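In: build me a structure from this.
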Amino acid sequence: MAILFVSINFFPLIDFACSLCFILQGFAKDFNITWAPDHTELLDNDQILELKLDNTSGSAFQSINKFLFGNITMQIKLVPNNSAGTVTAYYLSSPWTVPDTHDELDFEFLGNLSGQPYILQTNVFANGTGGREQRLFLWFDPTTDFHTYGILWNHRQIVFSVDNVPIRLFTNNEVLGLAYPDHQPMNIYSSLWNGDQWATQGGRIKIDWAAAPFIATYTNYNLDACVAEDANAPCASFAANNWWDGGAYQILSADQINKLRWVEQNYMVYDYCTDTKRYNVTPVECAQNSGGLA
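Out: All right, here's what the predicted structure looks like:
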């Protein structure tokens with residue numbers, strides 16, 4: 001498959017004093033290691049964090065703060081070479097509850113055999129309902145350099161992006177009776193773990209532990225978002241006039257829609273919206289969440 005890199009200025013340039021920004025404060029300041037500290041490493045004065053996986057353990061970290069709306073990005077260099085069976089998860093999530101009403105926004109990078117493209121899976125949970133998986137091939141090798149994975153999240157829409165290219169849109173359709181993540185603050189999480197029961201070719205390809213340790217590397221995060229403990233945080237209100245709720249961020253531009261359509265047409269390999277075995281009736285939000293919109 002020919003791989004073409006396309007660059008795009010996804011968000012307009014912003015000139016403002018960012019009172020909510022948490023830019024390059026250092027992983028040790030803004031995140032806690034939540035799984036296997038002996039399988040993590042901080043480098044370059046805490047500006048680089050490595051997660052490691054071997055046959056004894058994976059590893060994980062979590063943001064200290066919770067966030068409700070904003071723009072969150074992280075540069076990640078994924079596990080190189082034969083990463084089959086590994087899963088690098090990078091996501092936002094509110095606490096799980098019983099019964100389940102949590103919200104979650106997922107990037108999951110599914111490992112590959114050497115020379116095969118990585119698969120990026122995204123998913124959206126709202127009020128405990130998920131089942132909205134999309135999978136795509138990346139149009140570059142994500143293991144040789146850092147690439148930026150971002151989520152713009154406001155009252156109107158959620159936009160997943162890779163290197164500023166929109167890859168997924170999830171709009172607020174509460175008027176249709178659908179839940180939308182707009183009242184539960186979420187932590188940022190990332191983990192590297194053994195998913196070889198399902199991650200690569202449906203679990204047919206297992207992890208080659210002789211290639212361990214597997215390492216995913218993180219740097220240059222930007223947490224330009226509302227820090228919130230609950231839905232009543234003043235900065236989470238639409239009336240707070242945050243830049244991410246501005247008119248330019250309420251809808252995608254024609255150029256952004258074209259880029260999203262380009263991703264869907266050339267790199268998407270699975271979309272829950274077209275999976276008739278799972279859904280006899282196409283989920284109602286699908287028509288609103290596609291780059292196919294004119």
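
In: all strands for the stretch 151-294 of the chain, in order.
Out: Counting by DSSP state E, counting those that start in this stretch, one finds strands in the stretch 151-294 of the chain at the ranges 157-162, 165-171, 187-194, 214-227, 268-271.

In: so which of those strands gets nearest N241?
Out: strand 214-227 (11.9 Å; C-beta to C-beta). Every residue, glycine included, has its C-beta placed from N, CA and C.

In: which parts of stretch 158-169 are buried?
Out: Within stretch 158-169, the residues scored as buried using 16 or more other C-beta atoms under 10 Å are I158, V159, F160, S161, V162, D163, V165, P166, I167, R168, L169.

In: pretty sure the fifth one is touching I151, no?
Out: No: contact between V162 and I151 fails when scored by C-beta atoms under 8 Å: they sit 10.9 Å apart.

In: centre-most residue in this structure?
Out: F107 (3.4 Å; C-alpha atoms, centre = their mean).

In: just to be sure, that one is in a helix?
Out: No: using DSSP: H, G, I helix; E, B strand; the rest coil, the assignment for F107 is strand, not a helix.

In: any idea what it is bridged to?
Out: Y90, T122 (DSSP bridges).

In: got a pLDDT number for it?
Out: Looking at F107, its pLDDT reads 98.

In: how about F125?
Out: The per-residue pLDDT of F125 was computed as 98.

In: check the one 4 residues further on too.
Out: Per-residue confidence for T129 comes out at a pLDDT of 96.

In: then A287?
Out: Reported pLDDT for A287: 88.

In: residue contacts, V284?
Out: Applying C-beta atoms under 8 Å, 6 or more residues apart in numbering, one finds that V284 lies in contact with N173, L176, L178.

In: and if you look at V79?
Out: Taking C-beta under 8 Å, 6+ apart, one finds L53, T86, T88, G111, T143, L192, F214, I215, A216 in contact with V79.

In: from C226, how far off is the closest residue to A240 other than its chain neighbours?
Out: Nearest residue to A240 in three dimensions, chain neighbours excluded: P234, at 6.1 Å (C-beta to C-beta, 6 or more residues apart in numbering). Applying C-beta to C-beta, to the nearest Å, the value for P234 to C226 is 9 Å.

In: who has more neighbours out of these two?
Out: In terms of neighbours (other C-beta atoms under 10 Å), C226 is the more surrounded of P234 and C226; the figures are 21 against 9.

In: surely the more buried one touches L68?
Out: Yes: using C-beta under 8 Å, C226 is in contact with L68, at 5.1 Å.

In: re the thing from before, show me the contacts for the residue nearest to the centre of the chain.
Out: A89, Y90, Y91, L120, Q121, T122, Y149, F160.

In: one more: A236?
Out: Per C-beta under 8 Å, 6+ apart, neighbours of A236: L68, F69, P185, C226, A228.

In: need those in CSV (columns: pLDDT).
Out: Below are the contacts of A236 laid out as CSV (pLDDT from 0 to 100):
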residue, pLDDT
L68, 98
F69, 98
P185, 98
C226, 98
A228, 98
